[in-house]
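Asks: coords please:
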Amino acid sequence: MRPSRPFSLSLPGRERGGSVRATSVTRLALVTVVAVLVATTGAQPVAAGQEDRQEALRPAALEHDRPLGTPRPRELHVMSLNVLYESTFFNFKPSWSARRPALRGVLKRARPHLIGTQEATERQVDHISSDLGKHYRQVVRTPAGTSWALAIFYDKRRLRPLESGLIALPSRRMLFGACCRRAALWTRFVDKKTGHRFVHVNTHLEAFSADARAESARILRQRVERIARRKPIVLTGDFNEPARAGRPVYVHLVRSRWVRDSWRAARVRTNRVGTYHNYRGLKQNGSRIDWILTSPQIRVRRAAINISSRDGLFPSDHFPVQALIRLPRR
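Replies: Now for the predicted structure:
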């Protein structure tokens, strides 16, 4: 487990806590093969299914442009996005060069205050930073043994980082190395507008082992409680499980009432579709494996799954998820 360290802006808008250099071409090729199988076949740790039967929903019109609306003055706009990494070994379709303008359009329209991204290479993180523009900065860590970065982007006009660190999480060891080692990136922020402090945690859980995901949830709760020091928590990520009552991660985190599912807590919810589409089309009321979780005292006014596209092309194989939240008074 890598110890946390003070946040630093010694490089413009960037903190790096790892390297994307693979230990060998062979290991990186093997890791990429596994990732390709997931990306191209749509394999997931669980079969696609419906949301909880308690949330039986009627078909509704879909909002493609700005599904979340405009934040109120004291609200924070939060987004979570699995970017889908670009490969140097395989010619993914659609390519990152084709997808990048679509993601740029989504970000320009949405302008979140806080974004947690998963599965991006550091080159993609640089591109996203450039596309967000001068008002955004980022905290970036790349867990050892993988080329996938965890990144937190924030609007520097609204948020100021205080410190940051990485939490190592369990992953299933595959082939000759550790495929897709898992971690959680945390940053303590102060809201410049309100003076409120909170901790943002961004993670990407194991895709192939339910036991590893359950253990990750236990470790996350234990470590984040210690880091947060009773301050509010915002947890973004690709959890690789449907947001459903019987699933272990959901049970450990949400059903225990440690945090709330912002989608269920929101007064208004837009675009009730599965968050992982793998370029196979929208699935009404499909499984949400990408979540924004918040401490119970945080108010959630609106939540949305962003299905925006550019010329019919989605920016990733996952849809961004968004929420408008209001932190509690100090």
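Asks: where does the stretch 51-200 of the chain dip in pLDDT?
Replies: 51-60, 90, 173-179 (pLDDT under 70).
Asks: just so I have it, where are all the strands in it?
Replies: Assigned by DSSP state E, counting those that start in this stretch, the stretch 51-200 of the chain shows strands spanning 76-82, 114-120, 136-141, 149-155, 159-169, 182-191, 197-204.
Asks: so can I have CSV of the ones you listed showing mean neighbour count and distance to Q284?
Replies: Placement of C-beta: from N, CA and C, glycine included. Formatted as CSV, the strands of the stretch 51-200 of the chain follow (neighbours: other Cβ atoms under 10 Å; distance: least, Cβ to Cβ, whole Å):
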stretch, mean neighbour count, distance to Q284
strand 76-82, 26, 20
strand 114-120, 27, 24
strand 136-141, 23, 33
strand 149-155, 25, 30
strand 159-169, 19, 32
strand 182-191, 24, 30
strand 197-204, 24, 26
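Asks: can you list those strands in a markdown table and add distance to T88?
Replies: Compiled in a markdown table, the strands of the stretch 51-200 of the chain are given as follows (distance: least, Cβ to Cβ, whole Å):
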| stretch | distance to T88 |
| --- | --- |
| strand 76-82 | 19 |
| strand 114-120 | 14 |
| strand 136-141 | 19 |
| strand 149-155 | 15 |
| strand 159-169 | 24 |
| strand 182-191 | 22 |
| strand 197-204 | 20 |
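Asks: for the stretch 201-330 of the chain, what are the low-confidence residue spans?
Replies: 330.
Asks: Break down it into its strands, ranges please.
Replies: Under DSSP E, counting those that start in this stretch, the stretch 201-330 of the chain gives strands at 233-238, 260-261, 268-270, 290-294, 299-305, 321-326.
Asks: Nearest to G274, out of the strands of the stretch 51-200 of the chain?
Replies: strand 76-82 (12.8 Å; Cβ to Cβ).
Asks: tell me what the closest one is packed against?
Replies: The contact analysis (3 or more Cβ pairs under 8 Å, 6 or more residues apart in numbering; DSSP states H and E) places strand 76-82 against strand 114-120, strand 233-238, strand 290-294, strand 321-326.
Asks: circling back to that earlier point, need the strands of the stretch 201-330 of the chain in CSV (columns: distance to Y279 and mean neighbour count).
Replies: CSV is the format used below for the strands of the stretch 201-330 of the chain (distance: least, Cβ to Cβ, whole Å; neighbours: other Cβ atoms under 10 Å):
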stretch, distance to Y279, mean neighbour count
strand 233-238, 16, 26
strand 260-261, 26, 20
strand 268-270, 22, 18
strand 290-294, 16, 26
strand 299-305, 16, 22
strand 321-326, 18, 26
